[in-house]
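Undergrad: next one to model:
(chains A, B and C)
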Amino acid sequence: MFLQQLINGIALGSTYALIALGYTMVYGIITLINFAHGEIYMVGAFVGLYATTILKVNYLVAILIAMVVCMLLGMFIERIAYRPLRKSSRLSALISAIGVSIFLSTLAQMLFGANAKGYPEGVFPVKQITIGSAEISTLQLLIIAISALLMISLEFIVHKTKIGKAMRATSEDYNTAALMGINVNMVISFTFALGSSLAAAGGVLVGLLFNAVSFNMGLMAGLKAFAAAVLGGIGSIPGAMLGGLLLGVTEVAGVAFGFSSYRDAIAFAILVLVLLVKPTGLLGRKIQKKV
Amino acid sequence: MAILELNNVTIRFGGLLAVNDVNLKVEEGTIQALIGPNGAGKSTLFNLITGIYTPTSGTISFKGKPVSGVSTHRIAAAGVGRTFQNIRLFTDLTVLDNVLIGAHSRGKWNLAGALMKLSPWVQKEEGELLDLARECLQMVDLTYRAFELSGNLPYGEQRRLEIARALALKPAIILLDEPAAGMNPQEKSELMAMIKRIRATGVTVFLVEHDMKFVMGISDRIAVLDYGEKIAEGAPEEIRLNPKVIEAYLGKGAADAHA
Amino acid sequence: MADFLQQQLGYINPYYLQIIVNIGIGIILALALNVVTGLTGQLSLGHAAFMSIGAFTSAVITIKFGIPFTYNLLLTGFITAAVAALIGLPILRLTGDYLAICTLGFAEIVKVLFLNLDITNKALGLSVPAANTTIPMPVVVWIVVLLTIVSVTCIHNSRFGRALMAVRGDEIAAEAMGINVTRYKVQSFAIGAFIAGVGGGLYAHFMGYINPSDFGFLKSVDILSMVVLGGLGSITGSVIGATILSAAPEFLRFMANYRMLVYGCLLVCMMIFRPNGLMGGISFTDIVLRTLGRKPRLKIIMEQKKSGT
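TA: Got it, this is the predicted structure:
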């Protein structure tokens, strides 16, 4: 029973981790909570849906298509809604982000209707594998595998490539990085692209997992993923991964203990608790304010 | 009487020892300067005195009462005014509003007062705060700018405004963090006269500055910080000839050459 | 008196009357948020939660106790403010972005809570009986609107208001001026909640039926849009913004589906092109006085003092 819930939690948590990574990377680099990130995840889910139903591609290709589309979407949003506000107050950027989020979810509602849609049968043939007393579906395995693969790739990009180094430099000190000749705009666009593509993958995977895609899935998932990012330590990539997994497991545990109607509130409770007790999260760095 | 006393004050930021066992007494009614190379810990010391940082060890007392662990706003209300190295004005508010905010601790009416705005006792307090603000603006010669947005002021005037704002606290001591930074010689000499005027009103001045001529020109006593430690203290003439000070600023070669 | 008013109101087309009342409630909510976000600079993304708490509290008071409406509203306001102070104390120590998300989280928790409690009738919503007052509701609403405008204006131009603006401008500098930043933040949060709670109570009794889902994130965005449109920190702006955004949906019925699309674009465009809102830093009293050819009172006082009166 415990093992079962743990597996369920890890699978769910992996999807939160994928979304949380986008939040944490963007926050680390331009100190903005990309409110629209949840909507990008939602768009990814829909793109995956239409890729499998209309283009009739297999699920892996669907994930790739979703990632590419959302990569472009994320970069576009950054360019028109956030970049002009980079010199403005954080309040302005945050309000703009909210505006984008509202716009996207309403657009989705208009284009796709208010009802949840399901992924077609047979996109991913689900089989159950028994491990001890637990049953793990091949879908859950897929989710965990793909999430792990993407996260490892991300770590590789961030730590072993030149652009990754540029990302880390920019997130440490924006102005100095620019003075060192780093094309900061390009680095930021790249960060958005990476984060958005991960969220898109998360969207498709969740769509397959719950077999429900709707216009308003972005808000809730986005907030939960943000809670996960904060839990792990905002700005920390390993933190987002850890936070996502922990959140997934906690949520599943909460439901198992009978709090299912308060399921959504669990993430917020964690968020508020973390912010009150240890705002830098589990793996975040303590930043000393310079006066 | 020492209005400000630092006893064995130390602060550590992780592995970095920013201020190391500093002892300092600031006499009431004097102009005390704190100099030292960049990164010596001067602003950190100010932040310790105003309660933004808490010392890892050691004590700071103001007018005989301990300051460590007391919140910044209580220290300010007790009579410690300050300006900041990187100007921190309320840029979206007028010059007058900035100074009125400085006078905040001289008033007491809060929400109730706001709702009873037209009552005689609240009006009286507003009048007093306005009087105080006008005096402070006159002290720094900025009355003619009272209704300008503080963000629109030229740099030198912004620095003066920060001083006026700190004076509105009616402080016993005012901490000036690099008040002459970025000013031209004319502005600096006006500033020197202004600071002397402030001392004449009985306010103790404790300032951090890099301009040697400026510091020598107005200070009663100078303390020198290097790598977080106090390496010298005394009257301006003594400090000027002190080999350790010269070495800290210019390196060993210059110190030897001077000896 | 009450009958006379009722009779006069009877001449107005009920459809327009509803719009007028909605505008009134919108203004109250916008002014509430303006105190917290415009004046004190704390972005509250969950202000609809206070409206919700106010609505349900007020409704339950009428259902269970039936006390006169004025006391009902006052009690509702204080209860909502108390909740805000309780929540605010821990979370207002956070910086801007985190605070915003926290308020959003709080609003969601409130919504989920109300959808599951018996006293709020869970997901079925609550039917609200008529308010215990002889004065017709539209008049009550607009009396509250006027009181709110006067109160908030008084707050703006006072030592208290200046302290809030200092907190908005630079918290560290504000502390150095002797301002207890946390205390003022919590107080402003409580005031914003009080007003929103009263607005919620009015809304509940005017509508006659309330459901926790009415007060979700979208409602908070509604209120935020009104304040942003008018200009953060501007009272006249909030009034104008609330009027436009409360009335517009009615006159633009054909565009109903596009409403949130427009709001989304509005928020982005306002921030990029006119971050100070429609009123953009222009003071209403200044305009009026200048038209009348008179100098603002403060300038007169300062000049008097200069000449040494």
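Undergrad: the longest helix along chain B: how far from the chain's middle?
TA: Secondary structure assigned by DSSP state H gives helix B:120-139 as the longest helix of chain B. Chain-centre distance of helix B:120-139: 23 Å, with C-alpha atoms, centre = their mean, to the nearest Å.
Undergrad: kindly report the same for stretch C:237-251.
TA: The answer for stretch C:237-251 is 13 Å, by C-alpha atoms, centre = their mean.
Undergrad: can you tell if that stretch touches chain A?
TA: No. Stretch C:237-251 lies apart from chain A when judged by C-beta under 8 Å from any C-beta of the partner chain; the minimum separation is 13.3 Å. Heads up, the C-betas are built off the backbone N, CA and C, glycines and all.
Undergrad: which residues sit against that stretch?
TA: C:19, C:22-23, C:25-27, C:29-31, C:33-34, C:38, C:149, C:222, C:225-231, C:256, C:259, C:263, C:277-279 (C-beta atoms under 8 Å, 6 or more residues apart in numbering or on different chains).
Undergrad: of these, buried ones?
TA: Among the contacts of stretch C:237-251, those buried by neighbour count (16 or more other C-beta atoms under 10 Å in any protein chain shown) are C:19, C:22-23, C:25-27, C:29-31, C:33-34, C:38, C:149, C:222, C:225-231, C:259, C:263, C:277-279.
Undergrad: out of those residues, which are inside helices?
TA: When DSSP H is applied, the buried ones among the contacts of stretch C:237-251 are split such that C:19, C:22-23, C:25-27, C:29-31, C:33, C:149, C:222, C:225-230, C:259, C:263 fall in helices.
Undergrad: go back to those residues and keep what's next to chain B.
TA: Okay, of these, nothing touches chain B (C-beta under 8 Å from any C-beta).
Undergrad: now stretch B:50-61: buried residues?
TA: Along stretch B:50-61, these residues count as buried under the neighbour rule (16+ other C-beta under 10 Å): B:50-53, B:55, B:58, B:60.
Undergrad: start and end of that stretch, how far apart?
TA: 11 Å (C-alpha to C-alpha, to the nearest Å).
Undergrad: for the stretch 1-150 of chain B, which segments count as strands?
TA: B:2-13, B:16-27, B:31-35, B:57-62, B:65-66, B:80-82 (DSSP state E, counting those that start in this stretch).
Undergrad: pLDDT-wise, which helix or strand of chain C ranks last?
TA: helix C:297-306 (a mean of 67; mean pLDDT, DSSP states H and E).
Undergrad: quick check: the residue of the stretch 101-250 of chain B nearest chain A.
TA: At 9.3 Å from chain A, B:Asp177 is the closest residue in the stretch 101-250 of chain B, using C-beta to the nearest C-beta.
Undergrad: report how many residues lie close to the residue of the stretch 1-150 of chain C found nearest chain B.
TA: Here the stretch 1-150 of chain C gets closest to chain B at one residue, C:Val150, 9.0 Å apart by C-beta to the nearest C-beta. Using other C-beta atoms under 10 Å in any protein chain shown, C:Val150 is surrounded by 13 other residues.
Undergrad: for chain C, which residues are neighbours of chain B?
TA: Counting by C-beta under 8 Å from any C-beta, chain C comes close to chain B at C:151, C:154-155, C:157-163, C:165-166, C:168-170, C:172-181, C:187, C:191, C:298-299, C:301-302, C:305-306.
Undergrad: filter these by proximity to chain A?
TA: C:Ile172.
Undergrad: write a PyMOL command that selects only the buried members of the residues of chain C next to chain B.
TA: Typed into PyMOL, the next command selects the buried ones out of those (criterion: 16+ other C-beta under 10 Å):
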select buried, chain C and resi 151+154+155+158+159+160+161+162+163+165+166+168+169+170+173+174+175+176+177+178+179+180+181+187+191+301+302+305
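Undergrad: what separation is there between C:Leu99 and B:Asn23?
TA: 41 Å (C-beta to C-beta, to the nearest Å).
Undergrad: in terms of neighbours, single out the busier of these two.
TA: When C:Leu99 and B:Asn23 are compared for neighbours, C:Leu99 comes out ahead with 21 against 13, by other C-beta under 10 Å.
Undergrad: show me what contacts the more buried one?
TA: The contact partners of C:Leu99, by C-beta under 8 Å, 6+ apart, come to C:42-44, C:91-92.
Undergrad: again, but for A:Gly233
TA: Residues in contact with A:Gly233 (C-beta under 8 Å, 6+ apart) are A:239, A:243, A:280-285.
Undergrad: show me which pair in the residues you listed is furthest apart.
TA: Greatest spatial distance among these (C-beta to C-beta): A:Gly243 and A:Arg285, at 14.9 Å.
Undergrad: low-confidence bits of the stretch 1-150 of chain B, can you list those?
TA: Per-residue confidence for the stretch 1-150 of chain B (pLDDT under 70) gives no ranges below the cut-off.
Undergrad: how about the residues of it by chain A?
TA: Neighbours of chain A within the stretch 1-150 of chain B, by C-beta under 8 Å from any C-beta: B:13, B:43, B:47, B:52, B:84.
Undergrad: tell me where the stretch 1-150 of chain A has strands.
TA: Going by DSSP E, counting those that start in this stretch, the stretch 1-150 of chain A shows strands at A:128-131, A:134-137.
Undergrad: before we move on, back to that, contacting chain A as well, which ones from the buried ones among the contacts of stretch C:237-251?
TA: Cross-checking those against chain A (C-beta under 8 Å from any C-beta) gives C:228, C:263 as the overlapping residues.
Undergrad: re earlier: now list the buried members of the contacts of A:Gly233.
TA: A:239, A:243, A:280-284.
Undergrad: specify the local secondary structure of the spatially closest residue to B:Ala40 that is not a sequence neighbour.
TA: Closest residue to B:Ala40 apart from its sequence neighbours, by C-beta to C-beta, 6 or more residues apart in numbering or on different chains: B:Leu225 at 4.2 Å. Assigned with DSSP: H, G, I helix; E, B strand; the rest coil, B:Leu225 falls in the strand class.
Undergrad: so in terms of bridging, what pairs with B:Leu225?
TA: Legend: beta-bridge partners of B:Leu225 under DSSP bridges are B:Lys230.
Undergrad: one step back: touching chain C at all, the longest helix of chain B?
TA: Yes. Using C-beta under 8 Å from any C-beta, we find that helix B:120-139 touches chain C at B:122, B:125-126, B:129-131, B:134.
Undergrad: where do the helices sit along the chain?
TA: By default, I'm working from chain A. Counting by DSSP H, chain A has helices at residues A:2-30, A:37-53, A:59-77, A:90-112, A:138-160, A:162-172, A:174-179, A:184-210, A:217-232, A:237-256, A:263-277.
Undergrad: can you look at chain C instead?
TA: For chain C, applying DSSP H gives helices covering C:2-10, C:14-33, C:47-64, C:69-91, C:96-114, C:137-156, C:159-169, C:171-176, C:181-207, C:217-230, C:235-251, C:259-273, C:284-292, C:297-306.
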